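# Sequence first, predicted model second:
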Protein chains: 2
Amino acid sequence: MDFKVEKLKVNYKTLEEFKRFKEYGLQELSMLEDLEANIIDNDSESPFYGIYFGDTLVARMSLYKVDAKFNHYFEPPHDFLELWKLEVLPDYQGKGYGTALVDYAKGKNLPIRTNARMRSKEFWEKMGFTSVQYDMARDRGENPLFWFPETI
Amino acid sequence: MDFKVEKLKVNYKTLEEFKRFKEYGLQELSMLEDLEANIIDNDSESPFYGIYFGDTLVARMSLYKVDAKFNHYFEPPHDFLELWKLEVLPDYQGKGYGTALVDYAKGKNLPIRTNARMRSKEFWEKMGFTSVQYDMARDRGENPLFWFPETI
């Protein structure tokens, strides 16, 4: 099945839909406050991408490009994408939504870093992500996994 | 009730006990590999602190001192403690183990940063932790909370 991945705009409808996701947190609260205080406009750019089923947002992720100079992971340094809050609503899991989002991120042709829950490690390995050597000062309890495009 | 907080040593017994905690991850796997490969000695220092009930480790946390020069949170920069993997085994929750560990960390008299699950936000607020202004480039989906000692 083919899914349409969309870049999500910051508006009240999207922020309301975000509340259904378990990983709703300070990031979303901060977007809501900024919108209410007119610090950002309605329909501003967000770092979120999502997939709709009909009118319902059923899967989402956040993507952010990290500049090579902040790369403490590999040599020579290179820009990479940080991927977080990949989540599919319970009723829609196991149908390929998560894979579609990750594939979309891979299409940007940059290395991708994510911090995986151990329970989801199998999923990430299936997606071609591999662990880095743990470094306490850098990783502080995180479980960083990377994917690399072939051309780098 | 008074709990005895102990600095945990890296050994096979402790690493086996860590497996009961939900947040077992790359950090623990890496400690196990280092021990097996004799890269670290048995009973090496670990960043973990814990509380035993009889012979059983029932609560733990990790603490790591972050140098002021890596502080992107407040001005003027100041060393702070990063606290992660605070966890109490299910049968022992609600008895003050978590509070005892956090109080122990506070005793070091440095600001403390943690990345809170939204579900645990109430606990952290009760402990005197407060949110910082979310910054996407810095926080990337995390929910940073800080506690500050009175003397800073």
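Received it, and whenever you're ready, just let me know what you need.

# residues in contact with the helix or strand of chain A with the lowest mean pLDDT?
Comparing helices and strands within chain A by mean pLDDT, DSSP states H and E singles out helix A:136-139 as the least confident, with a mean of 91. Contact with helix A:136-139 is made by A:72-73, A:132, B:26-27, B:47, B:64, as judged by Cβ atoms under 8 Å, 6 or more residues apart in numbering or on different chains. All C-beta spots, glycine's among them, are computed from the backbone N, C-alpha and C.

# 6 Å instead, please
residue A:72 (Cβ atoms under 6 Å, 6 or more residues apart in numbering or on different chains).

# Any buried residues in that helix, and which?
residue A:139 (16 or more other Cβ atoms under 10 Å in any protein chain shown).

# for stretch A:67-75, same thing?
Residues of stretch A:67-75 classed as buried by neighbour count (16+ other Cβ under 10 Å): A:71, A:73.

# Run the contact check for that stretch versus chain B.
No - residues of stretch A:67-75 are not located near chain B by Cβ under 6 Å from any Cβ of the partner chain, the shortest gap being 8.5 Å.

# ok, residues contacting that stretch?
Contact with stretch A:67-75 is made by A:77-79, A:138, as judged by Cβ under 6 Å, 6+ apart.

# Show only the entries of those found in helices.
residue A:138 (DSSP state H).

# How far does the least confident helix or strand of chain A sit from its chain's centre?
Helix A:136-139 has its C-alpha centroid displaced from the chain centroid by 21 Å (Cα atoms, centre = their mean, to the nearest Å).

# near chain B, which residues of chain A show up?
Residues of chain A lying near chain B (Cβ under 6 Å from any Cβ): A:25-27, A:30, A:62, A:64, A:82, A:84-85, A:118, A:134, A:140-141, A:143.

# Out of those residues, which two sit at the greatest distance?
Within those, two members stand farthest from each other by Cβ to Cβ: A:30 and A:134, at 29.8 Å.

# re earlier: which two of the contacts of stretch A:67-75 have the greatest separation?
The two members of the contacts of stretch A:67-75 with the most space between them (Cβ to Cβ) are A:79 and A:138, at 17.7 Å.

# how many neighbours does residue A:146 have?
17 (other Cβ atoms under 10 Å in any protein chain shown).

# can you tell me how far it sits from residue B:28?
Separation of residue A:146 from residue B:28 (Cβ to Cβ, to the nearest Å): 20 Å.

# SS state for residue A:57?
With DSSP: H, G, I helix; E, B strand; the rest coil as the basis, the three-state label of residue A:57 is strand.

# picking that back up, next SSE downstream of the least confident helix or strand of chain A?
As assigned by DSSP states H and E, the chain's next helix or strand after helix A:136-139 is strand A:144-147.

# Parallel or antiparallel, which strands does that following strand pair with?
strand A:112-115 (antiparallel), strand A:130-131 (antiparallel) (DSSP bridges).

# So which of those strands is nearest residue B:39?
strand A:130-131 (16.5 Å).

# Now the buried members of the residues of chain A next to chain B.
Neighbour-count burial (16+ other Cβ under 10 Å) applied to the residues of chain A next to chain B gives A:25-27, A:30, A:62, A:82, A:84-85, A:134, A:140-141, A:143.

# where exactly do the helices run in chain A?
A:12-18, A:26-36, A:97-106, A:121-126, A:136-139.

# what's the burial count for the residue nearest to residue A:58 when sequence neighbours are not counted?
In space, and not counting its chain neighbours, residue A:58 is closest to residue A:92: 4.3 Å by Cβ to Cβ, 6 or more residues apart in numbering or on different chains. Neighbours of residue A:92 under the rule other Cβ under 10 Å: 15.
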